[in-house]
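Engineer: Below is the sequence, then the predicted model.
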Amino acid sequence: MTGPGWTDGHIRVLAYSAVAAVTALLGVILIIGPARHAIEKSLQGKAFRTLWMHLAPLGLAAAAMIAVWVLALGGFSIVLQGLRVEPNETTRERPYIGHNILFTRQAFGLDKVEERGFPASEEFNSQLVKANQHLSDNVRLWDWCALKAVHKQFQEIRLYYEFAYVNIDRYTVDGDYRQVMASAREMQLANLPPQSWTFVNRRFK
C-alpha cells in the first residue's frame with residue numbers, strides 16, 4: 001500500500017504538529033536569549049560565563065528537538081503500530097486500503113470500464129468446434145515442464161549446453177497463427193570441468 005496509513009493519519013500528524021510547536025517555542029527562546037545574555041555580560045563581565053550562557057540554550061534546544069523527534073516520530077509511532085494497528089490491521093487500515101484501490105482504479109482508467117453481460121450457452125457440439133477452429137487448434141496439450149526435460153535429455157549434447165526455460169509464444173506456421181513452445185539452447189561455461197577452463201575455450205571456442 002502506498003501513502004499514509006492509520007498510524008500516519010492519527011499519530012504522525014499529531015507528532016509533526018508537536019514537533020512544529022516545540023520548534024517554534026525553541027526558536028523564540030533562542031531569539032530572546034542573545035538579548036538576555038548581552039545584558040548579563042555587561043553586568044558581570046565574565047567571558048567564560050557569558051560563553052556558557054550563550055551555548056547552553058543551543059545545547060538544550062538541540063537535545064529537546066532530538067528527544068521530540070525520537071519519541072514522537074520514532075518510538076511512539078512504532079509502539080502504537082505494533083500494539084494498536086497490527087493486531088487488527090485489516091479493520092484499522094480498511095479506509096486507507098480503500099483509498100489506494102480507488103485512486104489506483106482512477107490512475108489506470110478502470111473507473112470508466114463499462115461492464116456488459118454476454119449470454120453463455122452450455123451446449124457443446126461439432127458445429128461449435130468448427131466455428132471456433134482457431135481456438136481448438138491452440139489448446140495447449142503439452143506440458144512445458146515435461147518438454148524442458150525432453151530437451152535436456154536429447155538436445156543438450158555437450159556439457160556446456162543447457163535449457164534454462166521454455167517460452168510459450170505465437171508464430172505463423174504453415175500459414176496458421178498458432179501457439180508454439182520454444183526454448184533456446186544456452187551455453188553455461190560453469191558446467192565445464194576445471195581442466196577445460198582454458199583461455200582458448202572461454203574466449204574463442
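Structural biologist: Received it, and whenever you're ready, just let me know what you need. Numbers count the residues shown, from 1 in each chain.
Engineer: Okay, and the nearest residue to residue 69 once chain neighbours are set aside sits in which element?
Structural biologist: Using C-beta to C-beta, 6 or more residues apart in numbering and skipping the chain neighbours, the partner closest in space to residue 69 is residue 19 (6.4 Å). Yep, even glycine has a C-beta here, placed from its N, CA and C like the rest. Per DSSP states H and E: residue 19 is located in helix 13-44.
Engineer: and what of residue 169?
Structural biologist: Element membership for residue 169 (DSSP H and E) is strand 167-173.
Engineer: Ok, residue 157 next?
Structural biologist: For residue 157, there is no host helix or strand (DSSP H and E).
Engineer: Distance of it relative to residue 203?
Structural biologist: 22 Å (C-beta to C-beta, to the nearest Å).
Engineer: that older thread, what are the contacting residues of the strand holding residue 169?
Structural biologist: 140, 144, 177, 178, 179, 180, 181, 182, 183 (C-beta atoms under 8 Å, 6 or more residues apart in numbering).
Engineer: what about the helices in this structure?
Structural biologist: According to DSSP state H, the chain carries its helices in the segments 6-7, 13-44, 47-68, 76-80, 89-107, 126-131, 133-136, 144-155, 199-203.
Engineer: For residue 193, which of the ones you listed is the nearest?
Structural biologist: helix 199-203 (10.6 Å; C-beta to C-beta).
Engineer: gap between that closest one and the chain center?
Structural biologist: 41 Å (C-alpha atoms, centre = their mean, to the nearest Å).
Engineer: so what does that helix touch, helix or strand wise?
Structural biologist: For helix 199-203, there is no helix or strand it packs on, judged by 3 or more C-beta pairs under 8 Å, 6 or more residues apart in numbering; DSSP states H and E.
Engineer: Give the burial count for residue 166, as a bare number.
Structural biologist: As a burial measure, residue 166 scores 20 neighbours (other C-beta atoms under 10 Å).
Engineer: wait, doesn't it sit right on residue 182?
Structural biologist: Yes - contact status for residue 166 versus residue 182: in contact at 7.3 Å, counting by C-beta atoms under 8 Å.
Engineer: For residue 119, what are phi and psi?
Structural biologist: phi -70, psi 130 (degrees, to the nearest 10).
Engineer: Please tell me the pLDDT value assigned to it.
Structural biologist: On pLDDT, residue 119 comes in at 85.
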